[in-house]
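> any chance you could fold what I've pasted below:
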Amino acid sequence: MIRIGFVVEGICEKLLIESTNFHTWASQHGLEICHPVINAGGNGNLCTQNIKPFLEKCHIEANPDKIVVLTDLECELCVTAVKARIGYDKVNQIIVAKKALEAWFLADTIAMRRWLKNDDFPGEAMPEKTTGMPWERIKEIATIHHKKKLGPGRKKKPFTQKMIEQFNFSIERAANHPDCPSAKYFLEKLQQLIE
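Here you go, the predicted model:
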């Protein structure tokens, strides 16, 4: 088993990495997710001049074999720019969710149907290419497809908790979506860490 430590952009990414489903997937692929998952508290802290204390905390508290950083693209022009901004030599892998982590939720049609209480929801065709941010698209979808017309709420953390704990979000299902390449890349790059 390869021990993987994570430094993540925010609480939603932390919840995903700490989830039972993700730990099960990791274990099935020869990976052990170390605790604690380090929350950097925003992508502004994931830059060369600010990331060092988070990496040190990960090394000291989690004692991983390898460290992965998980962040969002948000308004950056490209993944390469985000990786260059982080650009720290003690990181084994930098994973960038296209636009935002919520695009991965959009890519899991089964979890979305459970949340919407609507088995007729057709799925999101291009979850990483929404007109606005994926969070805004989730709100739009709720007004159209949710059986009770309930939105995701104002805060992302409770919605993320529900997607993971109640609606059984699966990163594997998101990665299998034909137009969610960053989720697929995430799983592929983690598997490569054991090679």
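
> for the chain, which segments count as helices?
11-18, 20-28, 52-57, 79-86, 102-107, 109-116, 134-145, 156-165, 171-176, 181-192 (DSSP state H).

> looking at the ones you listed, which is closest to residue 5?
helix 52-57 (8.7 Å; C-beta to C-beta). From N, CA and C alone the C-beta is placed, and that goes for glycine too.

> so for the closest one, what's the average pLDDT?
Across helix 52-57, pLDDT averages out at 93.

> what is the least confident helix or strand in this protein?
The weakest-scoring helix or strand in the chain, judged by mean pLDDT, DSSP states H and E, is helix 79-86 (a mean of 83).

> for it, which helices and strands make contact with it?
Applying 3 or more C-beta pairs under 8 Å, 6 or more residues apart in numbering; DSSP states H and E, we find helix 79-86 packed against strand 66-72, strand 93-97.

> export those to JSON lines and tack on mean neighbour count?
Putting those into JSON lines (neighbours: other C-beta atoms under 10 Å) gives the following:
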{"stretch": "strand 66-72", "mean neighbour count": "24"}
{"stretch": "strand 93-97", "mean neighbour count": "22"}
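
> need those in JSON lines (columns: distance to residue 52 and mean pLDDT).
Listed next are the helices and strands packed on helix 79-86 as JSON lines, based on distance: least, C-beta to C-beta, whole Å; pLDDT from 0 to 100:
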{"stretch": "strand 66-72", "distance to residue 52": "12", "mean pLDDT": "94"}
{"stretch": "strand 93-97", "distance to residue 52": "15", "mean pLDDT": "91"}
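
> make CSV out of those strands and add distance to residue 189.
Rendered in CSV, the data for the helices and strands packed on helix 79-86 read as follows (distance: least, C-beta to C-beta, whole Å):
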stretch, distance to residue 189
strand 66-72, 8
strand 93-97, 5
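
> need the nearest residue in space to the residue with the largest distance to the centre of the chain, chain neighbours excluded.
Distance from the C-alpha centroid of the chain peaks at residue 148, with 27.2 Å (C-alpha atoms, centre = their mean). Nearest residue to residue 148, sequence neighbours excluded (C-beta to C-beta, 6 or more residues apart in numbering): residue 117, at 6.8 Å.

> the one you found contacts residue 145, correct?
No - using C-beta atoms under 8 Å, residue 117 is not in contact with residue 145, being 9.2 Å away.

> quick one, which of those two is more surrounded?
Each of residue 117 and residue 145 has its neighbours counted (other C-beta atoms under 10 Å); residue 145 has more, 17 against 12.

> how far away is the more buried one from residue 137?
According to C-beta to C-beta, to the nearest Å, residue 145 stands 12 Å off from residue 137.
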